[in-house]
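Asker: dropping the sequence and predicted coords here.
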Amino acid sequence: MNIRIEKRLIPSRTAKYWVPVLSFVLALLAGSILLFAAGADPWVTYKAMFIGAFGGKYAFSETLVKAIPLMLCGLGVSIAFRMLFYNIGAEGQLAMGGFAAAGVALFLPQWFPDLPGWSLIPLMIAAGFVAGGLWGVLPALLKAFVGANEVITTLMMNYIAISWVEYLWYGPWKDPKGYGFPGTAQFPQEAWLPRWPGTRVHLGLGFALVAALLLWIILSKTKWGYEIRVIGENPRAARYAGINLTRNIVLVMILSGGLAGLAGMAEVGGISRRLQTGLTVGYGFTAIIVAWMAKLHPWGVIVVAILLAGLLVGVLLVAGYLAVARAWRSGNKQVEVGMGIGAVIALAGLTYLLGRQDESCIRSSGGLLGLGLGYVLLEARGYKAAAPWASQVAKIVIALTLLLALRLAGKAVLGESAGAGALSYAVLGFTATYLLPVFFAKCYMWGLYMRGTTDRGRQRQRNGR
């Protein structure tokens, strides 16, 4: 039996509408199962989540606060994705934007005492955009001139940027009057972004809306936007038509990184009003989900960011008084397992989407799914810490032998198609990360039990004497 997955030549118009609805319903059902497992009532939980995110002025304002960095980072990665440049570095670009804006707010008034107070916010905006853009253009140059894979370079640069800002707020920029807490001194009031009265919603929301409007105009009304779309649809045709790919890659990544840097500036200037822990909490990574769910459309990014922010705020608020939080605090693993499985499925799905015409990517998505699910279940059932990996060599040899046997069996039964390879790799990954460790852990625990039984028998014999 051969399983072959092929892309439709002409997308179904009906599927365009019912697939998102069906996906939403299935997500609710999957969440209900996890909530039941955690001892919570799904209906009460979903209702409380909705009220916590959208059920009043304060709730909606907190949702907008969470949505602002998602909007800006989502807009940034969406324009890069439009031309098939997979910018996974929005988190690092956000961090560098926050760092640059904090530097302007903290040190420019000291270096230039006569600097007008009203100029601080425009300078912070410019510094945040430029720092994020420069951090984004480095992978673009590596891609354009060396051919380095942008997924790897942008992902690795995230951790460089995060480590850099952590070094600053724990080290040389740490507030000497902060009682030992990590973070800089508070910015002068002239560097605070204005807020909507009675809420924490700040001027960053205006940045995001203006950016969405400009991106929509660029992509749909300008020659540059047309070139970006052509490169994204067919890079070879774009090169044949005389479009400069290198120049477009660099310019798009300056804009992409700059928008993420603007998100960092908005966070430090509008929320914390200092550079401190809590700046890099995953907005840049979540923005990738926002961009794909919005189908890379600027106005779609705004809407999806608000909905996803509502989910984040609703979960945080409902966790205080529902059984989900009690189960989590008492060490119950169901919620963590659900989040882990969701992350694994999202990663595997992203791998498939990025290379659905490449058989190796399809197989890799299956392997990722199997590896991730196996690891999550291993953590959930407590087997990871159950057996120390003493005889590593023997276990690796056994594992490789079994995996090779499984791969040969899958090849013989399923064939060599991409779908069959994905299924085979999923089985291999799940076996490697769950079944084999569980087998070794059970053997180890059985050995402990037998040794304990033997020791107790010997102790009885000594006592009998």
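Answerer: In hand now; what should we look at?

Asker: so who does the spatially closest residue to residue 90 that is not a sequence neighbour touch?
Answerer: Excluding the flanking residues, the one nearest residue 90 by Cβ to Cβ, 6 or more residues apart in numbering is residue 284, at 3.3 Å. All C-beta spots, glycine's among them, are computed from the backbone N, C-alpha and C. Taking Cβ atoms under 8 Å, 6 or more residues apart in numbering as the criterion, residue 284 is in contact with 73, 77, 89-94, 158, 260.

Asker: let's see 10 Å
Answerer: 69-70, 72-74, 76-77, 87-95, 154, 158, 161-162, 260, 263-264 (Cβ atoms under 10 Å, 6 or more residues apart in numbering).

Asker: for whichever helix or strand it is part of, buried residues please.
Answerer: Here residue 284 sits within helix 283-293, counting by DSSP states H and E. By neighbour count with 16 or more other Cβ atoms under 10 Å, helix 283-293 contains the buried residues 283-293.

Asker: before we move on, what about stretch 224-239?
Answerer: Here stretch 224-239 shows 225, 227-228, 230-232, 238 as buried, counting by 16+ other Cβ under 10 Å.

Asker: isn't residue 115 right next to residue 122, touching?
Answerer: No - here residue 115 does not reach residue 122: they are 11.5 Å apart, not a contact under Cβ atoms under 10 Å.

Asker: what about these two, which has more around it?
Answerer: Ranked by neighbour count (other Cβ atoms under 10 Å), residue 115 and residue 122 place residue 115 first, with 14 against 10.

Asker: next, the angle from whatever helix or strand residue 27 lives in to helix 283-293.
Answerer: Taking DSSP H and E as the definition, residue 27 sits inside helix 13-37. Computed with axes from the mean of the first three to the mean of the last three Cα atoms, to 10 degrees, the direction of helix 13-37 lies at 140 degrees from that of helix 283-293.

Asker: check which helices and strands helix 13-37 sits against.
Answerer: Using 3 or more Cβ pairs under 10 Å, 6 or more residues apart in numbering; DSSP states H and E as the contact test, the elements touching helix 13-37 are helix 42-54, helix 323-329, helix 334-354.

Asker: ok and it relative to helix 42-54, angle-wise?
Answerer: With the same axes, to 10 degrees as the basis, helix 13-37 and helix 42-54 are set at 110 degrees to each other.

Asker: buried ones in helix 13-37?
Answerer: 31-32, 34-35.

Asker: so which two of the residues you listed are the farthest from each other?
Answerer: Farthest-apart pair in these is 32 and 34; separation 7.4 Å (Cβ to Cβ).

Asker: can you list residues touching both of the two?
Answerer: With Cβ under 10 Å, 6+ apart, residue 32 and residue 34 have common neighbours 40, 42.

Asker: from residue 92, how far off is residue 301?
Answerer: 20 Å (Cβ to Cβ, to the nearest Å).

Asker: now swap in residue 13 and tell me
Answerer: Here residue 13 is placed at a distance of 39 Å from residue 92 (Cβ to Cβ).

Asker: just residue 77 next, same as before
Answerer: Remark: distance between residue 77 and residue 92 (Cβ to Cβ) = 12 Å.

Asker: returning to that earlier point: could I get the average pLDDT for the helix holding residue 284?
Answerer: Mean pLDDT, helix 283-293: 88.

Asker: cool, and stretch 156-167?
Answerer: With pLDDT averaged residue by residue, stretch 156-167 scores 90.

Asker: likewise stretch 12-28?
Answerer: Averaged over stretch 12-28, pLDDT sits at 72.

Asker: before we move on, what about stretch 239-250?
Answerer: 88.

Asker: correct me if wrong, but residue 40 is in a strand.
Answerer: No - counting by DSSP: H, G, I helix; E, B strand; the rest coil, one finds residue 40 to be coil, located in no strand.

Asker: show the pLDDT at it.
Answerer: Per-residue confidence at residue 40 stands at 72 (pLDDT).

Asker: give me the distance between it and residue 27.
Answerer: 16 Å.

Asker: then residue 108?
Answerer: Distance, residue 108 to residue 27, by Cβ to Cβ: 47 Å.

Asker: what of residue 267?
Answerer: Counting by Cβ to Cβ, the gap from residue 267 to residue 27 is 28 Å.

Asker: still on that earlier bit, of the buried residues of stretch 224-239, which is the nearest to residue 184?
Answerer: Among those, and counting by Cβ to Cβ, the member closest to residue 184 is residue 228, at 37.6 Å.

Asker: was I right about that closest one contacting residue 235?
Answerer: No - Residue 228 lies out of contact with residue 235 (Cβ under 10 Å); the separation is 11.3 Å.

Asker: shared neighbours of the two, anything?
Answerer: Common contacts of residue 228 and residue 235, defined by Cβ under 10 Å, 6+ apart, comprise 83-84, 243.

Asker: now secondary structure and distance to residue 178 too, for these, in a markdown table please.
Answerer: Formatted as a markdown table, the shared contacts of residue 228 and residue 235 follow (DSSP: H, G, I helix; E, B strand; the rest coil; distance: Cβ to Cβ, whole Å):
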| residue | secondary structure | distance to residue 178 |
| --- | --- | --- |
| 83 | coil | 44 |
| 84 | coil | 45 |
| 243 | coil | 52 |
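
Asker: who wins on neighbours among those?
Answerer: Among the shared contacts of residue 228 and residue 235, residue 83 has the most neighbours (other Cβ under 10 Å), with 21 neighbours.

Asker: dump the residue contacts of it.
Answerer: 227-233, 235, 238, 245, 248-249, 252-253, 256.

Asker: now residue 141
Answerer: Counted by Cβ under 10 Å, 6+ apart, residue 141 has contacts 148, 153, 246, 249-250, 253.

Asker: still on that earlier bit, shared neighbours of residue 77 and residue 92, anything?
Answerer: Common neighbours of residue 77 and residue 92, using Cβ under 10 Å, 6+ apart, are 136, 154, 257, 260, 284.

Asker: where does pLDDT dip in the stretch 201-350 of the chain?
Answerer: 318-350 (pLDDT under 70).

Asker: spell out the residue ranges of the helices in it.
Answerer: Using DSSP state H, counting those that start in this stretch, the helices found in the stretch 201-350 of the chain span residues 204-221, 223-233, 235-240, 245-267, 283-293, 298-318, 323-329, 334-354.

Asker: point out the most buried one among those.
Answerer: Among these, helix 245-267 has the highest mean neighbour count (mean count of other Cβ atoms under 10 Å), at a mean of 26.

Asker: and this structure, what are its domains?
Answerer: Per automatic domain parsing, the domain ranges recorded for the chain read 41-321, 331-465.
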